[in-house]
Structures are given as structure tokens and as C-alpha cells.
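Engineer: starting from these lines, generate the structure:
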Amino acid sequence: MKVFVFNRLKEDLEVLSKKILSERPDFVVGITGARDISHFKSWAINQFNEKKVLQNGEQHLDLHIPENPVFLVSSEADNTFSNYAAYKIANLIKENKLDTKMVFAHVKNKDMNEFLDYLAELE
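Structural biologist: Predicted coordinates for the structure are as follows:
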């Protein structure tokens, strides 16, 4: 498993996109903190604050939910930094017809070890 940590959104997305295109991983897993409960996102929306992520992009893009998810699956969407990244990566995967699956989860600190164990089973 390789880890890529975002620092500057647009610049880092460009670097990660090149890695995805060259390495064609089975999964790209986005992780951010959770406020209330840990959960998987079922889609990303074409919205970042008050603007669209992609001007002519689809309204939303489905994200992959792994089999037997360890956390609940949320169909609620947000327009935050993490949604922007998930949408851009899901769009990259779709446009390039990759077999890569985009997974995104909000994980509480107390659940991180359980989540990492779960990810190890996906490999």
C-alpha cells in the first residue's frame, strides 16, 4: 500500500493523477477525518464551495463501496476539499477508462486501526 498525503490541493492532485495513470492501481482510497461517525461516501458531487469542480462535468460520480464495508455508507454529499479531490480522481478514472476503483471514507481517529486492517484485506 502506498500513501499520498495532500498538502496543496491542485498541485498535489496533478502529481497523484500522473501516478494513477502510470501505475493503474486497483484502488485509490481517500481518507479524511470524521466528525460524528466513520463512514464511506457513495458519491462525489461536482461542487466545491460555490463553484463547480469541472465546468462541464457530471452532477455526481459514483464512488466504489467495497464488499462488506466496515463502516456505514453515506449518500450525503458535501462540497469540501475532500469532495473536490474525490470528484477529480473519480473523473480521471472514468475519463481514462481505468479499472481502478475510487473509495472515499471519513474515519474517526479511534477507528483508524480497524480501517487500516480492513484496507489490508482489500489488497
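Engineer: quick one: distance of the one helix or strand in the chain whose mean pLDDT sits lowest to the chain centre.
Structural biologist: In the chain, the helix or strand scored least confidently by mean pLDDT, DSSP states H and E is helix 112-122, which has a mean of 90. Here helix 112-122 is found 16 Å from its chain centre; the criterion is Cα atoms, centre = their mean, to the nearest Å.
Engineer: how about that helix: buried residues?
Structural biologist: For helix 112-122, a neighbour-count test (16 or more other Cβ atoms under 10 Å) marks Phe115, Tyr118, Leu119 as buried. C-beta here means a position set from N, CA and C on the backbone, and glycine is covered the same way.
Engineer: wait, the second one sits on Phe40?
Structural biologist: Spelled out, that is Tyr118. No: using Cβ atoms under 8 Å, Tyr118 makes no contact with Phe40, being 10.5 Å away.
Engineer: what is the neighbour count of the closest residue to Ser74 other than its chain neighbours?
Structural biologist: Computed as Cβ to Cβ, 6 or more residues apart in numbering, the closest residue to Ser74 that is not its neighbour in sequence is His39, at 4.4 Å. Counted with other Cβ atoms under 10 Å, residues neighbouring His39 total 20.
Engineer: let me see the contact set for His39.
Structural biologist: Going by Cβ atoms under 8 Å, 6 or more residues apart in numbering, His39 touches Phe71, Leu72, Val73, Ser74, Ala105, His106.
Engineer: do you know how far it is from Ile65?
Structural biologist: 10 Å (Cβ to Cβ, to the nearest Å).
Engineer: same check on Met112?
Structural biologist: Shown here: Met112 relative to Ile65, a distance of 19 Å by Cβ to Cβ.
Engineer: re the thing from before, residues that sit against both of Tyr118 and Phe40, list them.
Structural biologist: If you check Tyr118 and Phe40 against Cβ under 8 Å, 6+ apart, the residues they both contact are Pro66.
Engineer: returning to what we had before: quick one: the residue nearest to Ser74 and Lys97, what's the gap?
Structural biologist: His39 is 28 Å from Lys97, by Cβ to Cβ.
Engineer: next: Asp111.
Structural biologist: Applying Cβ to Cβ to Asp111 and Lys97 gives a distance of 33 Å.
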